[in-house]
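A.B. asks: what follows is a predicted protein model with its sequence.
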Amino acid sequence: MSYSKTVKDSIVEMTELVTPQDTNHHGGLSGGRLMQWMDIAAAMAAMRHGNRPVVTRSIDSISFNHSLKLGQAVVIKASVNRVFNSSIEVGVKVFSENLLTGDRKHTNSAYLTFVALDGDGHPVKCHPVIPETEEEKRRYEDALKRREARLKTK
């Protein structure tokens, strides 16, 4: 592909409210529901970057640092870290938000990899991402280290 996009071109911010059907028997947000929301936000960031359909290839890990409770807002931020041929690594950060006070707390993080697809559902090369800020450049370089680690475990 002959053009590139910046990280900010791919940013997705999604907000959900934790309702009773989203909770587990402890009154906290179900991990499966959170993973679903994270996958949706990350897929939208990858599609926004590549302007193509994508499929989830892998989720490296998800950290659960703090629980999310009934009635809290869940703010999910996703953006492309790096592109490797047809694969796109997306970083996701999750925050709880108290809607009455505006207080936010970082609760979860994950790295998801997607594969860009052509019209027939086959992997297709995707254009690179251009990191601009120091943080984006760090995430860009760290994505290569994670990719190398993933390939070693194949």
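C.D. replies: Nice, thanks for sending it over. Numbering: from 1, shown residues only.

A.B. asks: okay, strands next: where are they in this protein?
C.D. replies: 5-6, 12-17, 54-64, 73-84, 87-97, 104-116, 129-130 (DSSP state E).

A.B. asks: which stretch in those has the least confidence?
C.D. replies: Lowest mean pLDDT of these: strand 54-64, a mean of 90.

A.B. asks: which residues sit in contact with the nearest residue to residue 142 once chain neighbours are set aside?
C.D. replies: In space, and not counting its chain neighbours, residue 142 is closest to residue 81: 7.4 Å by C-beta to C-beta, 6 or more residues apart in numbering. The way it works is simple: take the backbone N, C-alpha and C, and place the C-beta from them, glycine included. By C-beta atoms under 8 Å, 6 or more residues apart in numbering, the contact set of residue 81 is 7, 89, 90, 91, 111, 129, 139, 140, 142, 143.

A.B. asks: can you put those in a markdown table and add neighbour count and distance to residue 69?
C.D. replies: Listed next are those as a markdown table, based on neighbours: other C-beta atoms under 10 Å; distance: C-beta to C-beta, whole Å:
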| residue | neighbour count | distance to residue 69 |
| --- | --- | --- |
| 7 | 23 | 31 |
| 89 | 27 | 30 |
| 90 | 28 | 26 |
| 91 | 22 | 25 |
| 111 | 21 | 25 |
| 129 | 25 | 35 |
| 139 | 20 | 29 |
| 140 | 20 | 34 |
| 142 | 15 | 31 |
| 143 | 23 | 32 |
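
A.B. asks: closest one to residue 54 out of those residues, please.
C.D. replies: The shortest gap between residue 54 and any of those belongs to residue 90, at 9.3 Å (C-beta to C-beta).

A.B. asks: what bridges to the closest one?
C.D. replies: For residue 90, the beta-bridge partners are residue 80, residue 112 (DSSP bridges).

A.B. asks: now do the same contact list for it.
C.D. replies: Counted by C-beta under 8 Å, 6+ apart, residue 90 has contacts 10, 42-43, 45-46, 78-81, 111-114.
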